[in-house]
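1. I'll drop the sequence and a predicted model, then ask my questions.
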Amino acid sequence: MTEHQDVRSALAELVADEPDLPAGTADIERRGARRRNRRYAAIGALALTPLLAGAVAVAVWPSAPPAQVTAQPSPSVEPVFDPNAGTQLAVGFPLGSAVDAVSGALPAGVALAELPMDLGWGAGGTLVLPLASGGTLTVTITDGACGVVTSQLTPAQATAAADAVCAAWVAAGSPPVLPADPSASERPDLAAR
Amino acid sequence: MNDFREYAGSRRAALRRTAYLLCGDWHLADDLVQDALAGLFVHWRRVRAGGDVEPYVRRMLVNGYLATHRRKWRREVATAELPEPAAADPHDDGTRDVLLRALAGLHPSQRAVVVLRYWEDLSVEQTAAALGCGTGNVKSQASRGLAHLREALARSGALEGEPA
């Protein structure tokens, strides 16, 4: 750099009257330590920000309605399935099942007529169904045995229809066909109400 | 951190002179050096392990200087009243003032190139690394800056034998 010695000399002249140095390096170290601490704090804040945001989001997220929460059964109680729970209807063989079974087992040309509104099981477990061609068909379920009696069916057809009714009754759990009346003490006093 | 203390203690004065040639103000030079050394303190172990302490500090110093020129509040503000003029140095023949004005007339990056090349005696590559620019840029800036300084000094008669 000898060719630029003139410039270097001129620059050296500028710094010739250098004043005394201020405080020692301890001050620089303190400044550096503060800067390092700020840096660590910034890194920590950057790392914690997503966690805090997630926690806040979870905290303010709308929870399930309280009614649903309280309606949940206790996990310690074994759930018992009772299809009739919550109702006062007596257990019995549903009319619809018996009618469907008979209707499906009838041969071509024989069909059920429109069912009356007051259709129901009669005494002794009998159900009288009207036929479209006139006449009636009587279904009987007594002591686990099913029978179908009508003048419109041959004995074989009647047996097939009775078997269909029995199959439906067994599928329903062989319930009592005619539900027992509640005892007098359990009957509601409608007149009093 | 004893080694840092040792390094800072031994290099502080030299860095301060370089910083003064960059900014032309001893107080600002102290700030620049302290800032650069404080930044070095934060990364001391990593920088020392890499073995490039000196280029790191030099780059921080230059970056700090260039940053002061980017800050709006550092720029000159026109005022209605002139500040009190400094007393004339009886030992100064005017060269110092001419040189300071000539340096101040350079663009900050050009001034940094001149100081690093002709005061710190850095190579073109080292200067380019310190400034984060290309070697071609350093060469052209150094050439123009040097011509500017020589012209100013020759006008003042400080350089004997130089063309006016």
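-> Now that the structure is in, tell me what you want to look at. Residues are numbered from 1 along each chain as shown, chains lettered A, B, ... in the order given.

2. Name the residues of the lowest-mean-pLDDT helix or strand in chain B that are buried.
-> Ranking every helix and strand in chain B by mean pLDDT, DSSP states H and E puts helix B:95-104 at the bottom, with a mean of 83. Of all the residues in helix B:95-104, those buried under the rule 16 or more other CB atoms under 10 Å in any protein chain shown are B:Thr95, B:Arg96, B:Val98, B:Leu99, B:Ala102, B:Leu103. Glycine gets a C-beta too; all of them are placed from N, C-alpha and C.

3. Next SSE downstream of that helix?
-> Counting by DSSP states H and E, the next helix or strand C-terminal to helix B:95-104 is helix B:108-118.

4. which helices and strands does that next one pack with?
-> Where contact means 3 or more CB pairs under 8 Å, 6 or more residues apart in numbering or on different chains; DSSP states H and E, helix B:108-118 is packed against helix A:5-14, helix B:2-23, helix B:53-70, helix B:124-131, helix B:135-156.

5. A:Val60 is nearest to which of those?
-> Comparing these against A:Val60 with CB to CB, the closest turns out to be helix B:53-70 (42.0 Å).

6. buried set for the closest one?
-> Of the residues in helix B:53-70, B:53, B:56-66, B:68 count as buried by neighbour count, 16+ other CB under 10 Å.

7. Any idea how many residues pack against A:Ala47?
-> Counted with other CB atoms under 10 Å in any protein chain shown, residues neighbouring A:Ala47 total 9.

8. Next: B:Ser123.
-> Using other CB under 10 Å as the criterion, B:Ser123 is surrounded by 13 other residues.

9. Mind giving me the packing neighbours of the least confident helix or strand of chain B?
-> Applying 3+ CB pairs under 8 Å, 6+ apart, we find helix B:95-104 packed against helix A:5-14, helix B:135-156.

10. Figure out which of those helices is closest to B:Arg12.
-> For the helices and strands packed on helix B:95-104, proximity to B:Arg12 was assessed by CB to CB; helix A:5-14 is nearest, at 18.2 Å.

11. And the next helix or strand past the closest one?
-> For helix A:5-14, the following helix or strand on the C-terminal side (DSSP H and E) is helix A:25-60.

12. Which of the helices and strands packed on helix B:95-104 has the lowest mean pLDDT?
-> Least confidently modelled of the helices and strands packed on helix B:95-104 is helix A:5-14, at a mean of 83 by mean pLDDT.

13. got the buried residues for it?
-> Neighbour counts using 16+ other CB under 10 Å place A:Asp6, A:Val7, A:Arg8, A:Ala10, A:Leu11, A:Leu14 of helix A:5-14 among the buried residues.

14. With distance to A:Gly125 as extra columns, can I get those in JSON lines?
-> Putting these into JSON lines (distance: CB to CB, whole Å) gives the following:
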{"residue": "A:Asp6", "distance to A:Gly125": "131"}
{"residue": "A:Val7", "distance to A:Gly125": "126"}
{"residue": "A:Arg8", "distance to A:Gly125": "126"}
{"residue": "A:Ala10", "distance to A:Gly125": "128"}
{"residue": "A:Leu11", "distance to A:Gly125": "123"}
{"residue": "A:Leu14", "distance to A:Gly125": "124"}
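
15. show me which of those neighbour chain B.
-> A:Asp6, A:Val7, A:Arg8, A:Ala10, A:Leu11, A:Leu14 (CB under 8 Å from any CB of the partner chain).

16. leaving aside the residues next to it on the chain, what's closest to the third one?
-> I take that to be A:Arg8. Nearest in space to A:Arg8, with sequence neighbours left out and distances taken as CB to CB, 6 or more residues apart in numbering or on different chains, is B:Tyr118 at 5.4 Å.

17. Return the residues in contact with that neighbour.
-> With contact set as CB atoms under 8 Å, 6 or more residues apart in numbering or on different chains, B:Tyr118 has these partners: A:Met1, A:His4, A:Val7, A:Arg8, A:Leu11, B:Ala142, B:Leu146.

18. Before I go, just wanted to say thanks for your time.
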